[in-house]
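Colleague: Just the structure for this:
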Amino acid sequence: MPDRDDDAADWVVRMAEPTWSDSDEAALQAWLAADPRHSGALLQAQALWSMFDEPAAAAGQGDTGAGELLSDAGRGHGVGDQGEGLTPWRVTRRWLLGGTGAAIAASVAGAFLFLRDARYATAVGEIRRVPLGDGSIASINTDSSVAVELASNARRVELTRGEAWFQVAKDAKRPFIVAAGRVRAQAVGTAFSVRRRDDGADILVTEGVVEAWADGAEGNRIRLMAGESAFVADNALIKPAGAGAPAVDRALAWRAGKIDLVSTPLSDAAAEFNRYNSRQIEIVDPALRSEQLDGQFGTNDPETFAAAVRDGLSVPVDLSDPARIRIGRARP
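Modeller: This next block holds a predicted model:
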């Protein structure tokens with residue numbers, strides 16, 4: 001493969017790692033801007049990655065594909081039977097960059113390079129970053145499903161469950177529209193997230209301007225600037241949050257594999273950790289649910305969070321059950 005294809009494959013792997021940072025994002029954008037061929041190489045590498053990632057994502061179990069590989073990479077699990085103490089993620093990365101991956105990449109390049117429509121799904125605990133065919137980038141949170149359609153007059157994304165953040169490539173002729181149930185969020189060139197709820201969706205804007213509304217109530221819409229957020233209900237009710245840029249950044253800490261808590265009730269904090277982990281947190285004592293905690297934790301590390309609760313609030317924590325963490329003592 002030419003050097004740019006090697007670099008593109010490396011970027012695809014790095015983009016999916018939970019340690020991705022703002023400096024990594026800046027470096028990626030600089031690499032893309034350095035050569036117009038880099039964007040195509042990145043799409044080709046992502047198409048290859050999707051070929052062997054799709055079965056695990058579709059199963060939602062992460063048993064053999066990249067769904068588990070990403071989760072294992074985040075946890076730093078070793079794999080003794082594969083040599084050199086490499087995690088499955090690193091073995092996959094080596095395969096992707098090696099001769100086998102190169103041969104498959106060459107055979108599928110024509111079919112995938114200009115891929116217009118795609119579907120992505122993440123398992124519980126998995127966070128993915130994927131480049132879209134228009135040059136946009138999607139970060140897809142845990143247990144989420146996204147369908148992308150790139151038409152000549154519009155770019156449409158359907159978020160059927162979960163949450164995703166989009167860095168939208170500018171294209172004034174093709175608005176970028178995300179649908180989450182009845183909720184719609186539209187941008188041209190900006191960055192924002194959509195999280196689907198049972199009765200609507202949360203919209204958080206990190207860059208530019210986004211308009212949001214409920215389908216069938218287009219006359220009742222909200223215009224959100226960077227650092228603003230709102231909940232748009234399926235019944236067209238709009239509740240602006242007005243929390244400011246720091247709160248929006250905290251809510252999107254998952255992009256770096258983090259949960260950032262500031263004066264967060266334990267009930268809300270536990271619910272966040274439970275989104276990412278099969279080992280669930282249970283607050284046994286109802287009186288503790290409104291207690292608040294500050295701190296930043298890994299999305300896949302509920303044990304450290306439980307230890308912080310135990311030490312900070314002087315409450316018992318039971319870690320004896322591998323499937324559950326119990327905080328507090330049940331009241332008679």
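
Colleague: all contacts plus neighbour counts: C-alpha atoms, from now on.
Modeller: Fine.

Colleague: what distance separates stretch 196-204 from the centre of its chain?
Modeller: Relative to the centre of its chain, stretch 196-204 is centred 15 Å away, using Cα atoms, centre = their mean, to the nearest Å.

Colleague: So for it, first residue to last residue, what's the gap.
Modeller: 12 Å (Cα to Cα, to the nearest Å).

Colleague: Contacts for that stretch, please.
Modeller: Outside of stretch 196-204, the residues that reach it under the criterion Cα atoms under 8 Å, 6 or more residues apart in numbering are 159-163, 180-183, 185, 192-195, 212, 227-234, 248.

Colleague: Over that stretch, what's the mean pLDDT, rounded is fine.
Modeller: Mean pLDDT, taken over the full extent of stretch 196-204, equals 97.

Colleague: Next: stretch 38-48.
Modeller: Confidence over stretch 38-48, taken as the mean pLDDT, stands at 72.

Colleague: Can you give the distance from it to the centre of its chain?
Modeller: Centroid displacement of stretch 38-48 relative to its chain, using Cα atoms, centre = their mean, is 19 Å.

Colleague: same thing with stretch 201-212?
Modeller: 16 Å.

Colleague: what's the straight distance from one end of that stretch to the other?
Modeller: Using Cα to Cα, the span of stretch 201-212 from its first residue to its last is 10 Å.

Colleague: Return the set of buried residues in it.
Modeller: Buried residues in stretch 201-212, counted by 16 or more other Cα atoms under 10 Å: 201-212.

Colleague: Make JSON lines out of the residues you listed and add secondary structure.
Modeller: Supplementary listing: the buried residues of stretch 201-212 in JSON lines, determined by DSSP: H, G, I helix; E, B strand; the rest coil:
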{"residue": "201", "secondary structure": "strand"}
{"residue": "202", "secondary structure": "strand"}
{"residue": "203", "secondary structure": "strand"}
{"residue": "204", "secondary structure": "strand"}
{"residue": "205", "secondary structure": "strand"}
{"residue": "206", "secondary structure": "strand"}
{"residue": "207", "secondary structure": "strand"}
{"residue": "208", "secondary structure": "coil"}
{"residue": "209", "secondary structure": "strand"}
{"residue": "210", "secondary structure": "strand"}
{"residue": "211", "secondary structure": "strand"}
{"residue": "212", "secondary structure": "strand"}
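
Colleague: Could you single out the nearest of those to residue 176?
Modeller: Distance from residue 176 was checked for each of the buried residues of stretch 201-212 by Cα to Cα. The minimum falls on residue 210, at 9.8 Å.

Colleague: the helices in the stretch 151-300 of the chain, which residues?
Modeller: All helices of the stretch 151-300 of the chain, identified by DSSP state H, counting those that start in this stretch, fall at 245-251, 266-276.

Colleague: just the buried members of the contacts of stretch 196-204?
Modeller: Among the contacts of stretch 196-204, the ones that count as buried (16+ other Cα under 10 Å) are 159-163, 180-183, 185, 192-195, 212, 227-234, 248.

Colleague: out of the contacts of stretch 196-204, which are inside strands?
Modeller: By the criterion of DSSP state E, membership of these in strands covers 159-161, 163, 180, 183, 185, 192-195, 212, 229-233.

Colleague: can you list the weak-confidence ranges in the stretch 151-300 of the chain?
Modeller: Of all residues in the stretch 151-300 of the chain, those with pLDDT under 70 make up the ranges 242-243.

Colleague: If we use 90, what do you get?
Modeller: Scanning the stretch 151-300 of the chain with the threshold set as pLDDT under 90 gives 152, 172, 188-189, 241-246.

Colleague: so what pLDDT did residue 53 get?
Modeller: Taken from the predicted model, the pLDDT recorded for residue 53 is 49.

Colleague: To clarify, my last question referred to residue 31.
Modeller: Confidence at residue 31, expressed as pLDDT, is 86.

Colleague: Next: residue 11.
Modeller: The predicted local confidence for residue 11 comes out at a pLDDT of 82.

Colleague: Now do stretch 317-327, average pLDDT.
Modeller: Looking at stretch 317-327 alone, the average pLDDT works out to 96.

Colleague: who touches residue 327 in this structure?
Modeller: Applying Cα under 8 Å, 6+ apart, we find residue 327 in contact with 281-285, 306, 310, 315-318.

Colleague: ranking these by neighbours, who comes first?
Modeller: Neighbours here mean other Cα atoms under 10 Å. Within those, the largest count is held by residue 281, at 24 neighbours.
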